[in-house]
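*Asks:* Model the structure of this input:
(2 chains)
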Amino acid sequence: GAVVSQHPSRVICKSGTSVKIECRSLDFQATTMFWYRQFPKQSLMLMATSNEGSKATYEQGVEKDKFLINHASLTLSTLTVTSAHPEDSSFYICSASKRGNTIYFGEGSWLTVV
Amino acid sequence: EDQVTQSPEALRLQEGESSSLNCSYTVSGLRGLFWYRQDPGKGPEFLFTLYSAGEEKEKERLKATLTKKESFLHITAPKPEDSATYLCAVQPMYSGGGADGLTFGKGTHLIIQP
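*Replies:* Next up is the predicted model:
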């Protein structure tokens, strides 16, 4: 069964609004989670590293004020897309590392900005 | 800069026709090489992690191998349900000994025809 869960799986929002995506590790504690985005027929691109109890680390070119990441507990990280625009429409996926360095991914969240 | 190149981009096989997918990589110190399966609209499903040259791992019809420059995913007597995109990713080992997010290849889109 799934060990990393994302919610919602699909969301549609209006341009200019904000939307939050949750990522949970189901049966283990994850001090570090990662957020990726994937455009159609493209590979996954790392956006940021989410660290429990501290600020997220963003990859070059990712706007930290637009993609707010909060890792308030050892099992939950959230990604908030602020002032969303149609070009933010994408597939957002989180991952978490379980003991033994097995990295599991969530089911992904489709964001459509209209 | 870490790089991952997968080939071929797409592969169409007849059911039962064995083949191999290639993943070439350059990384400043390899912590792990990962193989995932991704179905359309879903998050990646973990298959294998390889850590050192010469290592091999098997799961059902799949076997992954690793050298210092590349990894192969061998698929033996595939079935239509093996159709998916197979992703290869590397995890670097930085000087501090910590792990970081994965760098993915673009994937190989595999189609198994009955």
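
*Asks:* Please count neighbours and contacts with C-alpha atoms only from this point.
*Replies:* Will do.

*Asks:* Residue B:18: what's it in contact with?
*Replies:* B:74-78 (C-alpha atoms under 8 Å, 6 or more residues apart in numbering or on different chains).

*Asks:* now it: how far from residue B:11?
*Replies:* In this structure, residue B:18 lies at 11 Å from residue B:11, with C-alpha to C-alpha, to the nearest Å as the measure.

*Asks:* and the nearest residue to residue B:65 once chain neighbours are set aside, what does it touch?
*Replies:* Residue nearest to residue B:65 in three dimensions, not counting chain neighbours: residue B:56, with 4.5 Å by C-alpha to C-alpha, 6 or more residues apart in numbering or on different chains. Residue B:56 makes contacts with B:50, B:63-66, as judged by C-alpha under 8 Å, 6+ apart.

*Asks:* which bits of chain A sit near chain B?
*Replies:* Within chain A, the positions adjacent to chain B are A:34, A:42-46, A:49, A:93, A:102-108 by C-alpha under 8 Å from any C-alpha of the partner chain.

*Asks:* lowest-confidence helix or strand of the chain?
*Replies:* If you meant another chain, say so; for now it's chain A. strand A:102-105 (a mean of 87; mean pLDDT, DSSP states H and E).

*Asks:* Can you look at chain B instead?
*Replies:* strand B:103-104 (a mean of 92).

*Asks:* elements contacting the next helix or strand after that strand?
*Replies:* Tracing the chain C-terminally past strand B:103-104 and defining elements by DSSP states H and E, one meets strand B:108-113 next. With contacts taken as 3 or more C-alpha pairs under 8 Å, 6 or more residues apart in numbering or on different chains; DSSP states H and E, strand B:108-113 sits against strand B:10-14, strand B:84-92.

*Asks:* If we use 10 Å, what do you get?
*Replies:* When contacts are defined as 3 or more C-alpha pairs under 10 Å, 6 or more residues apart in numbering or on different chains; DSSP states H and E, strand B:108-113 packs onto strand B:3-7, strand B:10-14, strand B:19-26, strand B:30-38, strand B:84-92.

*Asks:* in its sheet, what does the third one sit against?
*Replies:* Right, strand B:19-26. Strand B:19-26 has the following sheet partners, assigned by DSSP bridges: strand B:3-7 (antiparallel), strand B:70-75 (antiparallel).

*Asks:* again with the fourth one
*Replies:* In the sheet, strand B:30-38 lines up against strand B:45-50 (antiparallel), strand B:84-92 (antiparallel) (DSSP bridges).

*Asks:* which of those strands is buried the deepest?
*Replies:* When neighbours are counted by mean count of other C-alpha atoms under 10 Å in any protein chain shown, the highest per-stretch mean among the strands paired with strand B:30-38 falls to strand B:84-92, a mean of 25.

*Asks:* and the angle from that strand to strand B:108-113?
*Replies:* Here strand B:84-92 runs at 150 degrees with respect to strand B:108-113, directions being taken by axes from the mean of the first three to the mean of the last three C-alpha atoms, to 10 degrees.
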